[in-house]
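Engineer: Okay, sequence plus prediction incoming.
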Amino acid sequence: MEASHLVYVVSHGEATNRQVHVGKSFDNPLSDRGCSQAQGLAAQLTSHGIVAVYSSPQLCAIQTASEIAKANRSGLLLRQGLSAINYGDWSEQNWRAISASDRARYAEYCRCPATFCFPAGESLADAQRRAFAVLGQLSKQHNGKSSIAIVVNKQISQALIAKCSNIPLTRLFELEQQDGCLNVLKKTEDGWQVRAINILTVDVW
């Protein structure tokens, strides 16, 4: 029989130069506010028996995860499968420029962003599949042991929560996720349960 255990899914803290270019903020460092959010998360998670912290390879996620790992005296490991969505040819372009230069596909994206496949990139469904696969691997690896934390961007945390809740991707953006928020998943022998969503540390607001 499988033991149950908790996975703390963290949306990384606020990054600098947000929303300037598509996907660019993922590789930016944390802002001052983002650093405070990361420290608040670390303080909040020190008493939960976290033995390992896993992070997306994006800088702002790594910086957030580092604070949590340091506070818990646990290891920090990167997982490519937890990466932010691959925007392909649109990466690091300005949204306004995309709307002018690639009008048809931009219109398609606006109609249904949850199912749109970015040119030479991936769809949100693709990103959900790979991130959920990593979640399953880590759960199996740590099954019956103490809790773990994973640090990702907001879209990936939304995708994981949606998958664990059987919520369709078309409703993904109804799942509120703010910078530096905490979500709690529980793995049992019957599958995944979502125990908490979008918990915020009160001392950084």
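Structural biologist: It's in.

Engineer: wait, is Gln63 part of a helix?
Structural biologist: Yes. Under DSSP: H, G, I helix; E, B strand; the rest coil, Gln63 falls within a helix.

Engineer: got the contact list for it?
Structural biologist: His12, Gly13, Pro29, Leu30, Gly34, Cys35, Ala38 (C-beta atoms under 8 Å, 6 or more residues apart in numbering). The C-beta positions use only the backbone N, C-alpha and C, and glycine is treated the same way.

Engineer: Repeat the analysis, applying 7 Å as the threshold.
Structural biologist: Pro29, Leu30, Ala38 (C-beta atoms under 7 Å, 6 or more residues apart in numbering).

Engineer: Look up the residues forming beta bridges with the second one.
Structural biologist: If I follow you right, that is Leu30. Ala15 (DSSP bridges).

Engineer: how close does it sit to Leu182?
Structural biologist: 16 Å (C-beta to C-beta, to the nearest Å).

Engineer: What subset of the contacts of Gln63 is buried?
Structural biologist: Leu30, Ala38 (16 or more other C-beta atoms under 10 Å).

Engineer: how much space is there between Phe118 and Gly88?
Structural biologist: The value you get for Phe118 to Gly88, if C-beta to C-beta is used, is 4 Å.

Engineer: can you list residues touching both of the two?
Structural biologist: Common neighbours of Phe118 and Gly88 (C-beta under 7 Å, 6+ apart) do not exist.

Engineer: What are the boundaries of the strands in the chain?
Structural biologist: Secondary structure of the chain (DSSP state E): strands located at 5-11, 52-55, 75-78, 148-152, 182-188, 191-199.

Engineer: so Gly75 sits right up against Ile50, yeah?
Structural biologist: No. Counting by C-beta atoms under 7 Å, Gly75 stays clear of Ile50, with 10.2 Å between them.
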